[in-house]
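Peer 1: need a 3D model of the sequence below.
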Amino acid sequence: MGCAMTVFDVSDELVERLSTETGRRLCEKARKGRRRALRRISHFAVLVTYDGVTTEEITFETAPTLSQIAARTGQDAYIVSIGMKRRSLRERFGLNLPLAAE
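Peer 2: Residues are numbered from 1 along each chain as shown. You can find the predicted model right below:
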């Protein structure tokens, strides 16, 4: 015969440990979802200059290597900065609406 377990047989320590583990897993799942969402709405922007005065922004969907940057800009470009930028709502949804009502 088996023994029936009652609510009082579960120790508080076990409940706390399981609760903590569940919370940790939920936080990790949420963190992964946020990272995935940020990757979808972000792009890598490389700011380059050819003459030291004017700059041009080149965008990449994923983190570019130096050879990928050189292939897009040419060998005579100087890299000013590399960063990750979020796309605006207009850019994400392809909205071509006027900025202000006329």
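Peer 1: from the chain's centre, how far out does stretch 60-77 sit?
Peer 2: Averaged C-alpha coordinates place stretch 60-77 at 21 Å from its chain's average position (C-alpha atoms, centre = their mean, to the nearest Å).
Peer 1: give me the nearest residue to residue 72, chain neighbours excluded.
Peer 2: Leaving out its chain neighbours, the residue that sits closest to residue 72 by C-beta to C-beta, 6 or more residues apart in numbering is residue 58, at 5.5 Å. All C-beta atoms are positioned from the backbone trio N, CA, C, and that covers glycine.
Peer 1: against residue 41, how distant is the one you found?
Peer 2: Shown here: residue 58 relative to residue 41, a distance of 19 Å by C-beta to C-beta, to the nearest Å.
Peer 1: neighbour count winner among these two?
Peer 2: residue 58 (17 against 13; other C-beta atoms under 10 Å).
Peer 1: and the more buried one, that's in a strand?
Peer 2: Yes: the assignment for residue 58, made by DSSP: H, G, I helix; E, B strand; the rest coil, places it in a strand.
Peer 1: OK, contacts around it?
Peer 2: 45, 46, 47, 48, 69, 72, 73 (C-beta atoms under 8 Å, 6 or more residues apart in numbering).
Peer 1: run through the bridge partners of it.
Peer 2: residue 46 (DSSP bridges).
Peer 1: show the pLDDT at it.
Peer 2: As summarised for this prediction, residue 58 has a pLDDT of 92.
Peer 1: what's the answer for residue 38, then?
Peer 2: Looking at residue 38, the pLDDT reads 71.
Peer 1: select only the buried ones of the contacts of residue 58 in PyMOL?
Peer 2: Only the buried members of those end up in this PyMOL selection, burial being decided by 16 or more other C-beta atoms under 10 Å:
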select buried, resi 46+48+69+73
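Peer 1: give me the below-cutoff pLDDT ranges for this protein.
Peer 2: 1-9, 39, 87-102 (pLDDT under 70).
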